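When you get a sec, could you give me coordinates for this:
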Amino acid sequence: MKVKDSFLTQREISKIGFLSVGKNVLISRKASLYSPEQMRIGSNVRIDDFCILSGKVCIKDNVHISAGSFLYGGDDGIFIGNHVSISSRCALYSKTDDFSSGNYVGSMEMPSNRKLITAPVYLDDYSVIGTGSTLLPGAKMQKGACLGAMSLAKGELNEWSIYVGVPCYFLKKRKEII
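Alright, predicted model coming up:
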């Protein structure tokens, strides 16, 4: 199979039922999209193999979502700015169970038996997420923020700064893109 054939055609993409979709969009045939009617995809966007996008997901222009990344937007949403790079095996959650609540956990439990933590996730322009990293509800990466490989973000990451670790902490400033 040629590389070109491993992505959906523009015609196939237009039939998915996105809220909106731009030009030059590449979506792997092996990606899974749940509730695409809640999704906006900008121009020059690439979504690689084995990615899962679910719920409210808004992606602007010039964005790459690498293989095996999961974006669970739920009702609150995940909002991705321009020129954002999400490395492989990343997970972004706008909703998760509160494991400390003494309630049941898991999507197969009755909603009345669960306590959820919900908040939108924001990735401002020029943000970068390193491989294997996780963003929890309420994570906000300001313009140019960078989250190093295998890190966990649950709060606000300042602009043009690099964060690493679990939970992540400030490492150093990042050079601004001209």
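
okay, now Asp124: neighbour count?
19 (other Cβ atoms under 10 Å). Where C-beta positions appear, they are placed from N, C-alpha and C, glycine not excepted.

do the same with Ile78
The burial count for Ile78: 25, using other Cβ under 10 Å.

beta partners of the spatially most central residue of the chain?
The centroid of the chain falls nearest to Leu71 when counting by Cα atoms, centre = their mean (4.2 Å). Beta-bridge partners recorded for Leu71 (DSSP bridges): Leu53, Leu92.

wouldn't it be in contact with Ile47 here?
No. Contact between Leu71 and Ile47 fails when scored by Cβ atoms under 8 Å: they sit 9.3 Å apart.

Pull up the overlap in contacts between the two.
Shared contacts of Leu71 and Ile47, defined by Cβ atoms under 8 Å, 6 or more residues apart in numbering, comprise 53, 65.

okay, the most far-flung residue of the chain relative to its centre: pLDDT?
Within the chain, the residue lying farthest from the chain centre (Cα atoms, centre = their mean) is Gly102, at 28.6 Å. The per-residue pLDDT reported for Gly102 equals 88.

Equivalent analysis for Lys2, please.
57.

how far does the helix or strand harbouring Arg11 sit from the chain's center?
Element membership for Arg11 (DSSP states H and E) is helix 10-14. Relative to its chain's centre, helix 10-14 lies at 22 Å (Cα atoms, centre = their mean, to the nearest Å).

In that helix, which residues are buried?
Ile13 (16 or more other Cβ atoms under 10 Å).

what residue ranges in this protein are flagged as low confidence?
1-4 (pLDDT under 70).

run the last query once more with 80
The chain contains residues with pLDDT under 80 at 1-4, 178.

Please report how far Leu152 lies from Tyr163.
According to Cβ to Cβ, to the nearest Å, Leu152 and Tyr163 sit 10 Å apart.

again, but for His83
Distance, His83 to Tyr163, using Cβ to Cβ: 18 Å.

So which of these two has more stuff around it?
Applying other Cβ under 10 Å to His83 and Tyr163 shows that Tyr163 carries more neighbours, namely 24 against 16.

give me every residue that touches the more buried one.
Going by Cβ under 8 Å, 6+ apart, Tyr163 touches 145-148, 151, 153, 157, 169-171.

what's around Asp61, how many residues?
18.

now it, nearest residue through space, not along the chain?
In this structure, Asp61 finds its nearest non-sequential neighbour in Gly42, 4.1 Å apart by Cβ to Cβ, 6 or more residues apart in numbering.

ditto for Pro167
Leu152 (5.1 Å).

same thing with Gly130?
Ala149 (3.6 Å).

do you know how far that neighbour is from Arg114?
Taken as Cβ to Cβ, the span from Ala149 to Arg114 is 31 Å.
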